[in-house]
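> here is the input, now give the coordinates:
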Amino acid sequence: MEENKDKRLDDLIRRSVREMGLDTPPANFTENLLFKIETIPRASDAIVYTPLISRFGWGIIAAIVIALGVLIGYANPDARITWFEKINWSEISNVIFPEGIPSLSLSNTMVYSLLIFAVFAVVQSVLLKNYLGRKYAIR
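Predicted coordinates:
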């Protein structure tokens with residue numbers, strides 16, 4: 001029964017296509033299309049790369065860092081940081097972890113396999129980044 005239904009549907013589609021005929025594009029379709037494509041501005045012309053921080057900005061940041069380094073280097077050597085001395089380091093070193101925390105011991109094989117997995121993940125991410133960068137680059 002299904003085959004008969006499919007055959008009738010196929011015959012109906014064939015008759016409909018014969019009656020309607022095929023559409024043909026106008027004679028100058030290609031020329032009009034190419035003219036429209038040429039008039040569209042290119043994406044590379046529309047998008048211009050501008051860095052978030054300009055060279056002048058990086059120069060100012062570098063000058064500030066160098067000035068702070070020089071200032072700290074020539075500062076009074078007797079000056080002390082008082083908040084750092086107020087921390088009681090002996091209490092921090094005496095923290096005892098509860099016994100309920102399990103220790104994690106891994107075999108050498110597991111450590112090597114995790115290391116190899118990490119290396120392959122990094123290599124794959126670099127290769128995928130390069131591939132997708134070339135595939136979807138704005139031209």
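> check what pLDDT residue 139 gets.
Per-residue pLDDT puts residue 139 at 52.
> next: residue 127.
For residue 127, pLDDT reads 91.
> residue 55 now?
Looking at residue 55, its pLDDT reads 93.
> that one: how many residues sit nearby?
Burial measure for residue 55: 8 neighbouring residues, criterion other Cβ atoms under 10 Å. Just so you know, the C-beta spots here come from the backbone N, C-alpha and C atoms, and that holds for glycine as well.
> same thing with residue 33?
With other Cβ under 10 Å as criterion, residue 33 counts 11.
> can you pull the contacts of residue 113?
When the contact criterion is Cβ atoms under 8 Å, 6 or more residues apart in numbering, residue 113 has no partners at all.
> hmm, I was thinking of residue 14
Taking Cβ under 8 Å, 6+ apart, we find residue 14 in contact with no residue.
> so how far is the helix or strand containing it off the chain centroid?
For residue 14, the element it lies in under DSSP states H and E is helix 2-20. Centroid separation between helix 2-20 and its chain, computed with Cα atoms, centre = their mean, to the nearest Å, is 50 Å.
> and for stretch 23-32?
42 Å.
> contacts for it, please.
Counting by Cβ under 8 Å, 6+ apart, no residue sits against stretch 23-32.
> alright, that wraps it up for me.
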